[in-house]
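In: sequence unknown, structure follows:
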Ligand code: TYD
């Protein structure tokens, strides 16, 4: 079971405004990812400076921050087999018009920064982002009867 990972997802203000929270969460559930954390988060300037530090010198940095503070965002912790890579695959690439059909960004959005969703893109990012947005007591380990089919060896 060593390849079972946890990853951090944020559903951005456009997902909330466009009533796509359920649709996006459904796609992760159907894939076989387990929701082990789920809450609203009101992002602050400080949190966004940290979260988007790699973009701080970009001309669109201020716009992204403003956008991300328009409404609360929904934070999800997803657990599953190679979850970090699988979630990024389902999310699709940053520009929705270049993302592969079938991905959340390609199917449901048109523009950056309104590409609906953030997902950790590496083991290091997932470690840092899970700590940034969730306390240990907000993440829940529990068994599901479907674990045998979607976690580990799949039998
Ligand atoms: P980034 O971390 O590069 O991409 P991803 O979200 O796929 O991990 O960028 C963070 C967000 O910044 C991205 O989701 C949308 C926004 N953004 C822009 O608005 N314009 C851009 O040119 C880029 C690269 C990102």
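Out: Thanks, I have it. Quick caveat, the model's predicted, so the values are computed rather than measured.
In: When you work out contacts or count neighbours from here on, use the C-alpha atoms and nothing else.
Out: OK.
In: How about residue 38: what's its closest non-neighbour residue?
Out: Computed as C-alpha to C-alpha, 6 or more residues apart in numbering, the closest residue to residue 38 that is not its neighbour in sequence is residue 76, at 4.6 Å.
In: How many residues are close by the one you found?
Out: 24 (other C-alpha atoms under 10 Å).
In: Packing partners of the strand or helix carrying it?
Out: Using DSSP states H and E, residue 76 sits within strand 73-81. If contacts are counted by 3 or more C-alpha pairs under 8 Å, 6 or more residues apart in numbering; DSSP states H and E, strand 73-81 sits against strand 4-11, strand 34-41.
In: quick one: is the first one near the ligand?
Out: When you say that, I think you mean strand 4-11. No. Shown here: strand 4-11 not in contact with the ligand (C-alpha under 6 Å from any ligand atom), separated by at least 9.9 Å.
In: just how off-centre is that strand within its chain?
Out: 6 Å (C-alpha atoms, centre = their mean, to the nearest Å).
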